[in-house]
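**Student:** Here's a sequence, model it:
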Amino acid sequence: MIAGAVAGIGGAWWPIGTVGRFDQNITGGRGFIALAAVIFGRWHPVGAFSGAMVFALAEAVRLKIGNFDTGIPSEFLLMAPYLVTLVVVAGFVGASRAPKAAGQPLRRTVKLFSELFSPRAKRDKTVHEFETWAVN
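**Tutor:** Here you go, the predicted model:
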């Protein structure tokens with residue numbers, strides 16, 4: 001739930017806070033860079049954060065170099081973060097394995113709050129556990 005809320009805030013921040021309007025292809029392929037950051041981080045949150053910082057550094061360098069008169073065409077500067085992504089993922093990642101449950105739906109039994117804390121539910125659960133044990 002918290003991750004979904006943070007993702008929603010981030011998704012709303014980009015068009016409202018930065019650009020000021022929503023256009024087609026507003027993210028410019030940054031979702032693929034985010035996926036590369038997760039793969040680069042070997043599917044671990046701390047690693048994904050460090051990967052995101054590497055790619056953010058490439059974006060920041062592109063913006064800073066664009067401010068100077070270097071003679072580099074702007075199209076090449078726009079390609080820089082994506083080239084860094086390709087080099088990092090193809091060259092440094094190696095064999096990164098996705099979690100076995102990736103792409104599988106999460107199946108979890110949702111209990112009502114009243115079911116969790118009522119004395120009768122605890123008693124019924126104990127009886128059910130005993131019946132299951134006795135049968136097996």
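**Student:** Please make it C-alpha for all contacts and neighbour counts, starting now.
**Tutor:** Fine.
**Student:** And for residue 81, the neighbour number?
**Tutor:** By other C-alpha atoms under 10 Å, 22 other residues sit near residue 81.
**Student:** and it, backbone torsions?
**Tutor:** phi -60, psi -30 (degrees, to the nearest 10).
**Student:** Pretty sure it sits against residue 54.
**Tutor:** No: the criterion here is C-alpha atoms under 8 Å, and residue 81 misses it with residue 54 at 9.6 Å.
**Student:** Which of the three states applies to residue 23?
**Tutor:** In three-state terms, and counting by DSSP: H, G, I helix; E, B strand; the rest coil, residue 23 is coil.
**Student:** Share the number of residues neighbouring it, please.
**Tutor:** Based on other C-alpha under 10 Å, the number of other residues close to residue 23 is 9.
**Student:** Next: the one 5 residues further on.
**Tutor:** Around residue 28 sit 9 other residues, with neighbours defined as other C-alpha under 10 Å.
**Student:** what's the answer for residue 65, then?
**Tutor:** Each residue near residue 65 was counted by other C-alpha under 10 Å, and the total is 13.
**Student:** cool, and the one 10 residues further on?
**Tutor:** The tally of other residues near residue 75 (other C-alpha under 10 Å) stands at 8.
**Student:** Over to residue 18?
**Tutor:** A count of nearby residues for residue 18, using other C-alpha under 10 Å, gives 9.
**Student:** what's the pLDDT at it?
**Tutor:** Residue 18 carries a pLDDT value of 72.
**Student:** what does residue 57 give?
**Tutor:** 91.
**Student:** any idea which helix or strand carries it?
**Tutor:** Using DSSP states H and E, residue 57 sits in helix 45-67.
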